[in-house]
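Visitor: Sharing a model that was predicted from the sequence below.
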Amino acid sequence: MNSYIIVGLSLVISAGELLAEQATTEIQKTACSELKSAQDVLNCALERHPAVIRARIESQKSSFAESKASAFANPEIETSTSYGKSLGDNLWTFDASLNQKIEIGGKRSSRIEAARAEASRAEANLQKAREGAFLEVIHTLNRHRQIHDELEIIDEAIRAFERVQKLYKGRGRLSAEQEVSSEIFSLALGEHKLRRNNLRNEKDELKRGLELILEAKLSEEESYLPAFRTHWPSLNELRLDPEKNSEILMAKAELRAAKSEWNSARAESWPDLTVGPTFNWDREGSGDIYRYGFNLNIPLPVWNLNRAGRSYAEQTKILAEKNLEITQREVNSERRRFLEKYESVISEIGNLPDLKGIEKKHSRVEKLFEQGLVSTSLFIEAHRQIQEFIQTRNEEEHEATDALWKIHALDGRMFEEALWKESF
């Protein structure tokens, strides 16, 4: 009967694990069914990123730790039998005892608390993994779009240089100055083509890396790329919530684990009891003697009171308390640093011309050159300056985006739906 019960419980547990796995798979399929926007890509990445998958499995595993820690030890049956003869009579003895281990001193409650601390640590680690995956993907998407903008500027410069080269070739005999100018344009054209090739390679590498994370192909139209951010939100000076910050939550989980270890070390100073009923059956010849009793087994704490273990656990607890205090200070300092950086960068970005304005200046420089009002070196330098300006603007955008989302992560707001609607 017991074997049927055990088999039934095993089947129920296996079915539950299978259903949980199927539910996770369905969530991933739903999140990655359509990748038409940056938000779709981010939702998919938060389900399929390798770091998130590992952290999620670890979190699911730790959720069973409390049930494991709260389990009681199984009772033990001990039996013995002996045979012999005395003065012609047959002798037979049978002994049996049922032993149950009883933990005293709070060992079981310490194990349960340690399991809960492990679950909290796994949850904090999962949140941290999701934040890291989000930052990685949002930077990849932004850089992908930035390369698209940089390629447009370089392609325009290449077309301009090719038009000039064509004009020189159509003139037949060139003056010495025109020959030098033609050679300079040829070198500039080759340099820009190399830049274009490097950017294309970087773009392809970013796309392949993103597709590897998403386990899906991205469209050639690139509609999933976020637009250049024209509105940068104002951030509150004091928005940090210590109950949502992954670093502080991790430090609190470490402290909780250290306290449970300290309680466990104190509990180890107490010996465990083994108690249970005993039964004895003696037979001499044709007579039977039955005895019933109670068994108690307790180790004597004479040589080892676990003083060293308690001291070690106490120092671990002190270290965890100090680590939490330091982490809280570091997180607040880090937020102030990111906020100062963010405000400094967006104040400069707001004064920069947009891409359309840059393209107009690009066209004006080319017209001035065609009219003979701008020298060859100045024309090439103007194109180079425009490209460097775009690169610098993109670097500043990267810094601002990085600071913004790291502040949201520190505040524990990175995955709020309202924040995503405002940002994408």
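Guide: Happy to help now that I have it. Residues are numbered from 1 along each chain as shown.
Visitor: how near is Gly88 to Phe94?
Guide: To Phe94, Gly88 is 21 Å away according to C-beta to C-beta, to the nearest Å. Backbone N, C-alpha and C define where each C-beta goes, glycine included.
Visitor: Neighbour count for those two, which is higher?
Guide: Between Gly88 and Phe94, Phe94 has the larger neighbour count (other C-beta atoms under 10 Å), namely 13 against 6.
Visitor: partner residues bridging the more buried one?
Guide: For Phe94, the beta-bridge partners under DSSP bridges are Thr81, Trp281.
Visitor: Next up, the contacts around Ile289.
Guide: 281-283 (C-beta atoms under 8 Å, 6 or more residues apart in numbering).
Visitor: which one among those residues gets closest to Phe64?
Guide: Using C-beta to C-beta, Trp281 comes nearest to Phe64 of the contacts of Ile289, at 43.4 Å.
Visitor: Can you tell me the number of residues neighbouring the closest one?
Guide: Counted with other C-beta under 10 Å, the neighbours of Trp281 add up to 14.
Visitor: Equivalent analysis for Arg256, please.
Guide: By other C-beta under 10 Å, 20 other residues sit near Arg256.
Visitor: Ok, Ala216 next?
Guide: For Ala216, the neighbour count with other C-beta under 10 Å is 15.
Visitor: Just the element for it, please.
Guide: Assigned by DSSP states H and E, Ala216 belongs to no helix or strand.
Visitor: centre of the chain versus the longest helix seen in the chain, how much separation?
Guide: Longest helix in the chain, counting residues (DSSP state H): helix 107-170. Distance, stretch centre to chain centre, for helix 107-170: 14 Å (C-alpha atoms, centre = their mean, to the nearest Å).
Visitor: With stretch 80-100 instead?
Guide: With C-alpha atoms, centre = their mean, you get 64 Å for stretch 80-100.
Visitor: quick one: the strands in the protein?
Guide: In the chain, the segments counted as strands under DSSP state E are 76-86, 89-102, 273-284, 287-297.
Visitor: what about those, which gets the closest to Glu191?
Guide: strand 89-102 (79.1 Å).
Visitor: List the residue ranges of the stretch 251-400 of the chain that fall below the pLDDT cut-off.
Guide: Within the stretch 251-400 of the chain, the stretches with pLDDT under 70 are 355, 359, 362, 373.
Visitor: Go again with 90.
Guide: 266-272, 282-290, 297-310, 347-390, 392 (pLDDT under 90).
Visitor: same question, the stretch 51-200 of the chain
Guide: 63, 65-66, 68, 71-73, 83-92, 103-107, 149, 152-153, 156-157, 159-189.
Visitor: What's the local residue count around Ser97?
Guide: Other residues close to Ser97 by other C-beta under 10 Å number 19.
Visitor: An error on my part: the question was meant for Glu191.
Guide: Neighbour count for Glu191, taken as other C-beta under 10 Å: 14.
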